[in-house]
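Asker: Please find the sequence and the predicted model below.
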Amino acid sequence: MFLNRRKLLASTAAGAVAGAAGPFVIRDLHAQDVVKVAGIHDTSGGLDIYGKQMVATMDLAINEINAAGGMLGRKIQLINYDPQSNIQFYTQYATEAATKEKVAVVHGGITSASREAIRPLLKRFNTLYFYNTLYEGGVCDRNIFCTGSTPAQTVEKLVPYVQKKWGKKIYTIAADYNYGQITAKWVKKYAQDNGGEVVQTDFFPLDVTDFGPTIKKIQAAKPDLIMSALVGAAHISFYRQWAAAGMNKQIPLASTTFGNEIVITTPEEHNGYVVAFGYLEGIDTPANKKFVEIVHGKYGIPHMTELATMTYHGVHLWADAVKKAGSLDRMKVIEALEAGAAYDGPAGKTTIDPKTHHTVLDVYIGEAKDKKFVVLEKFLQQTPADTAAVCDLKKNPNESKQYVIDVKT
């Protein structure tokens, strides 16, 4: 029953193995007996440090829904695809999920490039899409719901916090694609808004592993702090080389992306890093404690990030909307989501903003300490103001694009 690593099919009735690396499909279910849901997440390649836990939390949410009676009297069948951090496979699997499997919804994508590769396809095939990853903002499309945080929710809080803590001169290092490029602009804007400056910004392709020349440039620039928007397994090399040079003892670091990297780096390498996300494992609520216990124990996932937790929220938001609509019809579900859909889970309360199809959510500032994040501050119910500045799906329901938000600096 096992398939090759490019295409992993899983029935949630069977649960996921540790790390969600080798699921399987139960073949004795007839198509009319199940509601098919697709996940497209990288469980191999450079983005697997994020994708594996997103697969696990999607499985957890669907198991919970099935245990509570399923969906409209039917069980949900999860079909997981591993695009191996390859955009070509994203388009291939999104097409297959929509046309061959005829899934009710797709949850997937990690980088913005992967999202933009499959978003138009899923809209064309009238297949509902959830993107559960924090990103740079600006997507305006009635067929997609974005549950992750955007810069106006997190970066807007992080920059003044670390400026007050460490100083006004920032050196930014970021991944060289639209997330890193646009986030760097937001960092510059918020730095200037709070009386500071970005003295230099450097961008790096996702496969870069040698940061020696950059570290020398940072030493020469003498900033008060580093702001990192690096992404993926290769970029972990920066944090290791930064510490090996002894620079983590001299210049502090904040990040918009340093999440699951805390598992791979050592406390000596990451202690003291400050981050801002829509979720941190250290949230002290009964719902989060139960969630963390399950994902650590059942799934063997050592650390939960915003990406994984918002995937969990996203599946529940979709399921609740289906039940409210009493139908799997795409437009009925969209309308139910637009009618103030909310889910109160491990990340706190997330509510769909009908104007943008993004979420109003709580934001947490945390500090890395011994492979965990300690919550320092909490900001309740932050709105996606950046995307709201360019997107109004109430007025323009036929929009289908990503706006590059004009960041005034």
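Answerer: Sure thing, it's come through.
Asker: Who are the contact partners of the closest residue to residue 231 other than its chain neighbours?
Answerer: Excluding its sequence neighbours, the residue lying closest to residue 231 (Cβ to Cβ, 6 or more residues apart in numbering) is residue 175, at 4.0 Å. The C-beta positions use only the backbone N, C-alpha and C, and glycine is treated the same way. Applying Cβ atoms under 8 Å, 6 or more residues apart in numbering to residue 175 gives the contacts 203-206, 229-232, 235, 257.
Asker: one more time with 7 Å
Answerer: Residues near residue 175 by Cβ atoms under 7 Å, 6 or more residues apart in numbering: 204, 206, 229-231, 235.
Asker: between these, which is nearest residue 327?
Answerer: The nearest member of those to residue 327, counting by Cβ to Cβ, is residue 231 at 37.8 Å.
Asker: Could you verify my assumption that the closest one touches residue 205?
Answerer: No - Residue 231 is not in contact with residue 205 according to Cβ atoms under 7 Å; the separation is 10.3 Å.
Asker: neighbour count winner among those two?
Answerer: Using other Cβ atoms under 10 Å, the more surrounded residue of residue 231 and residue 205 is residue 231, with 27 against 12.
Asker: Just say helix, strand or coil for that one.
Answerer: Secondary structure for residue 231, judged by DSSP: H, G, I helix; E, B strand; the rest coil, is coil.
Asker: any idea of the pLDDT on it?
Answerer: pLDDT, residue 231: 92.
Asker: Any figure for the gap between it and residue 193?
Answerer: 25 Å (Cβ to Cβ, to the nearest Å).
Asker: and if you look at residue 222?
Answerer: Taking Cβ to Cβ, one finds residue 222 at 23 Å from residue 193.
Asker: Same check on residue 112?
Answerer: Counting by Cβ to Cβ, the gap from residue 112 to residue 193 is 24 Å.
Asker: Any stretches of the protein with poor pLDDT?
Answerer: 1-32, 409 (pLDDT under 70).
Asker: how about a cut-off of 90?
Answerer: Applying pLDDT under 90 to the chain picks out residues 1-33, 46-47, 49, 177-178, 232-233, 260, 404-409.
Asker: Could you pull up the residues touching the most centrally placed residue in it?
Answerer: In the chain, the C-alpha nearest the mean C-alpha coordinate belongs to residue 133, at 2.1 Å (Cα atoms, centre = their mean). Neighbouring residues of residue 133 by Cβ under 7 Å, 6+ apart: 109-110, 148, 307.
Asker: buried stuff in stretch 350-367?
Answerer: For stretch 350-367, the neighbour count (16 or more other Cβ atoms under 10 Å) marks 350-367 as buried.
Asker: Counting neighbours, what do you get for the closest residue to residue 168 other than its chain neighbours?
Answerer: With sequence-adjacent residues excluded and distances taken as Cβ to Cβ, 6+ apart, residue 168 is closest to residue 196, at 3.4 Å. Neighbour count for residue 196, taken as other Cβ under 10 Å: 22.
Asker: More neighbours: residue 112 and residue 193, which one.
Answerer: Between residue 112 and residue 193, residue 112 has the larger neighbour count (other Cβ under 10 Å), namely 25 against 13.
Asker: Would you agree that one is in contact with residue 178?
Answerer: Yes - assessed by Cβ under 7 Å, residue 112 is found in contact with residue 178 at 5.0 Å.
Asker: helices or strands up against the host helix or strand of residue 75?
Answerer: Assigned by DSSP states H and E, residue 75 belongs to strand 75-81. Contact analysis of strand 75-81 by 3 or more Cβ pairs under 7 Å, 6 or more residues apart in numbering; DSSP states H and E lists strand 7-9, strand 34-40, helix 48-67, helix 87-99 as its packing neighbours.
Asker: can you redo these as TSV with distance to residue 401?
Answerer: Listed next are these as TSV, based on distance: least, Cβ to Cβ, whole Å:
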stretch	distance to residue 401
strand 7-9	30
strand 34-40	21
helix 48-67	25
helix 87-99	18
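Asker: Looking at these, spot the one closest to residue 375.
Answerer: Of all the helices and strands packed on strand 75-81, helix 48-67 comes closest under Cβ to Cβ, at 19.4 Å.
Asker: Which one of the contacts of residue 175 is nearest to residue 188?
Answerer: residue 229 (11.7 Å).
Asker: wait, what's in contact with that closest one?
Answerer: 174-175, 180, 183-184, 256-257.
Asker: Quick check: the residue lying closest to it once chain neighbours are set aside vs residue 61, distance?
Answerer: Leaving aside its chain neighbours, residue 229 sits nearest to residue 174 (3.8 Å; criterion: Cβ to Cβ, 6+ apart). Using Cβ to Cβ, we find residue 174 at a distance of 31 Å from residue 61.
Asker: one step back: spell out which residues are contacts of both of residue 112 and residue 178.
Answerer: What both residue 112 and residue 178 touch, as defined by Cβ under 7 Å, 6+ apart, is the set residue 136.
Asker: burial measure for residue 93, as a count.
Answerer: Neighbours of residue 93 using other Cβ under 10 Å come to 24.
Asker: cool, and residue 400?
Answerer: With other Cβ under 10 Å as criterion, residue 400 counts 16.
Asker: That one reaches residue 141, doesn't it?
Answerer: Yes - contact criterion Cβ under 7 Å: residue 400 and residue 141 qualify, at 4.7 Å.
Asker: what do the two both touch?
Answerer: With Cβ under 7 Å, 6+ apart, residue 400 and residue 141 have common neighbours residue 123.
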